[in-house]
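In: can't give you the sequence, but here's the structure:
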């Protein structure tokens with residue numbers, strides 16, 4: 001099947017100005033201007049901190065039609081290794097989304113669940129970080145552009161079951177890493193920010209503390225996120241928490257904790273209640289939620305019962 005020139009142009013235009021690339025993955029990655037990077041066999045398909053495409057790495061022979069066998073949507077393109085039949089399958093999103101903004105955590109979490117469900121159906125390599133993909137602009141691969149169709153996350157979700165809770169494996173791979181970093185860091189930050197506000201430290205000092213925490217959390221992943229992405233996530237969380245929390249507001253909430261009739265619906269109270277519900281949906285125990293947010297188990301149980 002001939003490759004439509006306009007689709008190659010779109011993919012080229014969507015690339016970062018200086019994407020990661022490689023001729024052989026075991027020799028490390030380079031960062032080059034995209035006019036040079038497209039000559040390499042492997043390339044960074046999404047721009048830093050942005051998702052335009054979902055990629056899946058299938059390390060088994062004759063896998064190029066796995067999407068058809070599993071009744072999944074027609075992909076944007078596939079790139080097949082002619083020597084062993086292994087391939088990458090690519091879906092183009094109708095609306096790209098950022099991966100480093102705390103305000104975008106819902107679409108990130110949604111896309112992560114879809115990505116994990118598609119990976120399971122396709123039998124995709126679970127260790128694939130999705131930073132680098134087979135380059136459809138390189139003649140080394142057998143490339144087929146199946147469709148110029150872009151898909152919404154809602155449309156992609158219709159083909160898989162998203163009712164299952166994320167597994168431990170899901171949380172440390174692909175977009176699951178972003179969700180994990182956001183969750184672990186913001187729950188920590190809700191309490192950690194108070195001494196910085198109380199002692200009137202600068203925002204820069206607070207940001208550096210968040211960045212250090214995020215970098216430590218990132219070390220747990222088999223394939224850590226890139227530093228640029230980590231820095232942007234840290235900036236988003238640090239700014240969001242710094243602007244919304246106050247020592248007075250949190251202290252007032254703690255003082256009224258456990259009182260009959262509930263708590264005053266302050267901004268901090270609403271925020272923490274929502275985090276409790278989200279943590280429970282993610283499969284965390286009541287004990288773990290209580291410890292993470294410095295709440296009593298009774299309060300957590302009551303909130304889950306009433307609002308969950």
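Out: That came through, no problem. Just so you know, these numbers come straight off a predicted model, no measurement behind them.
In: Assumed residue 117 was part of a strand.
Out: No - assigned with DSSP: H, G, I helix; E, B strand; the rest coil, residue 117 falls outside any strand and is helix.
In: Can you give me the pLDDT of the closest residue to residue 89 other than its chain neighbours?
Out: Nearest non-adjacent residue to residue 89, counting by Cβ to Cβ, 6 or more residues apart in numbering: residue 56, 4.5 Å away. (C-beta placed from N, C-alpha, C; glycine too.) With respect to pLDDT, residue 56 scores 94.
In: Then residue 117?
Out: Residue 117 is given a pLDDT of 92.
In: which residues does it contact?
Out: 160-162, 164 (Cβ atoms under 8 Å, 6 or more residues apart in numbering).
In: Derive a PyMOL selection command for the buried subset of the residues you listed.
Out: Here is the PyMOL command that selects the buried residues among the contacts of residue 117 (16 or more other Cβ atoms under 10 Å):
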select buried, resi 160
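In: circling back to that earlier point, just say helix, strand or coil for the residue nearest to residue 89.
Out: Residue 56 ends up strand, using three-state DSSP.
In: could you measure the residue nearest the centre of the chain against residue 217, distance?
Out: Compute the mean C-alpha point of the chain, and by Cα atoms, centre = their mean the closest residue is residue 175, 2.7 Å away. Applying Cβ to Cβ, to the nearest Å, the value for residue 175 to residue 217 is 15 Å.
In: Same question for residue 63.
Out: 33 Å.
In: and the two? which has more neighbours close in?
Out: With neighbours defined as other Cβ atoms under 10 Å, residue 63 and residue 217 compare such that residue 63 has more, 24 against 21.
In: need the contact list for that one.
Out: 85-87, 122-123.
In: same thing with residue 21?
Out: Counted by Cβ under 8 Å, 6+ apart, residue 21 has contacts 29-32, 36-38, 40, 42-44, 132, 135.
In: host element of it?
Out: Assigned by DSSP states H and E, residue 21 falls within strand 20-22.
In: mind listing what the next helix or strand after that strand pairs with, with the direction of each?
Out: Downstream of strand 20-22, the next assigned helix or strand under DSSP H and E is strand 30-31. Here strand 30-31 has these sheet partners by DSSP bridges: strand 20-22 (antiparallel).
In: Give me the distance from the strand it pairs with to the chain's centre.
Out: On the basis of Cα atoms, centre = their mean, to the nearest Å, strand 20-22 sits 21 Å off its chain's mean C-alpha point.
In: what about residue 44, neighbour count?
Out: Using other Cβ under 10 Å: residue 44 sits among 23 other residues.
In: beta partners for it?
Out: Where residue 44 sits in a bridge, its partners, by DSSP bridges, are residue 132.
In: Return the member of the contacts of residue 21 nearest to residue 168.
Out: Distance to residue 168 across these (Cβ to Cβ) is lowest for residue 132, with 24.3 Å.
In: Near that closest one, how many other residues are there?
Out: 22.
In: Test my guess that it contacts residue 40.
Out: No - applying Cβ atoms under 8 Å as the test, residue 132 and residue 40 come out as separate, 9.7 Å apart.
In: which residues are common contacts for those two?
Out: 21-22.
In: what stretches of the stretch 51-200 of the chain score poorly on pLDDT?
Out: 103, 126-127, 129, 172 (pLDDT under 70).
In: rerun that using 80 as the cut-off
Out: 102-104, 125-130, 164-174 (pLDDT under 80).
In: same thing with the stretch 201-308 of the chain?
Out: 244-275, 278-279, 282-284, 288, 290-298, 302, 306-308.
In: okay, now the nearest residue to residue 58 once chain neighbours are set aside: neighbour count?
Out: Of all residues not flanking residue 58 in the chain, residue 87 sits nearest, at 5.3 Å (Cβ to Cβ, 6+ apart). Residues contacting residue 87 under the criterion other Cβ under 10 Å number 27.
In: My guess is residue 87 contacts residue 78. True?
Out: Yes - applying Cβ under 8 Å, one finds residue 87 in contact with residue 78, separated by 5.3 Å.
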